[in-house]
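K.L.:
got a structure for you, letters missing:
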């Protein structure tokens, strides 16, 4: 990996993290407590042949929020035949975690938080587990559920 490729990937990851965080905060303040109902929208992520046979795979998917197309990352996990998706956003301060294949754990580069492959906190400052996202497989495609505020 060249330095330029690494820096480009790092900048994209940071920008994605900022967009995700800002979107969550904006949604929280834009909707009064009584109107904060949520809806799950399933977004096409990948072909089911691309699912990991075992272990963890990072994937990207697209969704629309208030007319704007957004891209987000997700970790698809196959643990003993059970498929689930984990958000890459650390529950401590919102940094994006990385998966370490050698240690079989997710590690937050910001403050060293560690999660196992089920998303549970192993060590560090995170107050809770990684968020599990709904997953469904239909007609040979994998869909990731994005929980969005319902339209007012």
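P.N.:
Yep, that arrived. Just so you know, these numbers come straight off a predicted model, no measurement behind them. Residues are numbered from 1 along each chain as shown.
K.L.:
Identify the residue nearest the residue nearest the centre of the chain in space, chain neighbours excluded?
P.N.:
Against the mean C-alpha coordinate of the chain, by Cα atoms, centre = their mean, the closest residue is residue 87 at 2.5 Å. Closest residue in space to residue 87, ignoring its immediate chain neighbours: residue 131 at 4.1 Å, by Cβ to Cβ, 6 or more residues apart in numbering. In short, each C-beta sits where N, CA and C put it, glycine included.
K.L.:
And residue 61, by the same measure?
P.N.:
Once flanking residues are discounted, residue 61 sits nearest to residue 45: 4.2 Å by Cβ to Cβ, 6+ apart.
K.L.:
so where does the one you found fall, helix or strand?
P.N.:
For residue 45, the enclosing helix or strand under DSSP states H and E is strand 38-47.
K.L.:
Any buried residues in the helix or strand following that strand, and which?
P.N.:
Following strand 38-47 in sequence order, the next helix or strand is strand 55-65 (DSSP H and E). If you call a residue buried by 16 or more other Cβ atoms under 10 Å, then strand 55-65 has these buried ones: 56, 59, 61, 63.
K.L.:
contacting residues for the third one?
P.N.:
Read it as residue 61. 43, 44, 45, 46, 71, 72, 74, 144 (Cβ atoms under 8 Å, 6 or more residues apart in numbering).
K.L.:
and if you look at the second one?
P.N.:
The neighbours of residue 59, taking Cβ under 8 Å, 6+ apart as the test, are 45, 46, 50, 73, 74, 75, 76, 144.
K.L.:
Pull the most distant pair out of these.
P.N.:
The largest separation in the contacts of residue 59, counting by Cβ to Cβ, is between 50 and 73 at 14.7 Å.
K.L.:
out of the two, which sits in the busier spot?
P.N.:
residue 73 (17 against 12; other Cβ atoms under 10 Å).
K.L.:
Could you verify that that one is part of a strand?
P.N.:
Yes: per DSSP: H, G, I helix; E, B strand; the rest coil, residue 73 lies within a strand segment.
K.L.:
between the buried residues of strand 55-65, which is closest to residue 18?
P.N.:
The nearest one, if we look at the buried residues of strand 55-65 relative to residue 18 and count by Cβ to Cβ, is residue 63, at 17.1 Å.
K.L.:
any idea what sits nearest the closest one, other than its immediate chain neighbours?
P.N.:
Nearest one to residue 63, counting by Cβ to Cβ, 6+ apart, is residue 43 at 4.4 Å.
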